[in-house]
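Student: sequence first, then the predicted structure:
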Amino acid sequence: MEKVWNNKWLNHLMTNTMGQANAASGMAVHDDCKLRFQELKAKRVYRFITFKIEQQQVVVDKIGESTESYDDFQASLPADECRYAVYDFDFTTDENCQKSKIFFIAWYWSITYKTALG
């Protein structure tokens, strides 16, 4: 199961919290997360980036090259751990215009969801 959030929230996260611990959660975001996200956003050099939490810090987990597909992205997600990710989705409009949209995804595996529900 996955959940997609608004890009405004993602931009705030990636530009305002790098290397700083959040006062409420104590969680910091590693500087490399911002660098890689900016490369994806501005230069479109990656198809996706996955992030994980290590020692109270969000860090880059995996990077998908621009030639990789959504199937490659899905295959990169672990079956038994949670992840955050950004995915650069290319599409063509009804007017035949090439477009791209970046999605922020919170990935959690189904057993976590089932356990939380009891």
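Tutor: In hand now; what should we look at?

Student: would you mind writing the CA trace of whichever strand or helix holds Arg36 as CSV?
Tutor: In this assignment (DSSP states H and E), Arg36 forms part of helix 31-38. What follows is helix 31-38, C-alpha atoms only, in CSV (Å, rounded to 0.1, in the frame of the first residue of the first chain):
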residue,chain,number,x,y,z
ASP,A,31,21.9,16.7,3.7
ASP,A,32,22.4,14.1,0.9
CYS,A,33,18.5,13.7,0.7
LYS,A,34,18.2,17.4,-0.3
LEU,A,35,21.1,17.2,-2.8
ARG,A,36,19.6,14.1,-4.5
PHE,A,37,16.1,15.5,-4.5
GLN,A,38,17.3,18.7,-6.1
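
Student: and it, what does it pack against?
Tutor: Under the contact criterion of 3 or more C-beta pairs under 8 Å, 6 or more residues apart in numbering; DSSP states H and E, helix 31-38 touches helix 7-16, strand 46-54, strand 57-65. (C-beta placed from N, C-alpha, C; glycine too.)

Student: so that helix versus strand 57-65, what angle?
Tutor: On the basis of axes from the mean of the first three to the mean of the last three C-alpha atoms, to 10 degrees, helix 31-38 is oriented at 40 degrees to strand 57-65.

Student: chain center to helix 31-38: distance?
Tutor: 11 Å (C-alpha atoms, centre = their mean, to the nearest Å).

Student: neighbours around Glu68, how many?
Tutor: As a burial measure, Glu68 scores 15 neighbours (other C-beta atoms under 10 Å).

Student: with that, I have no additional questions.
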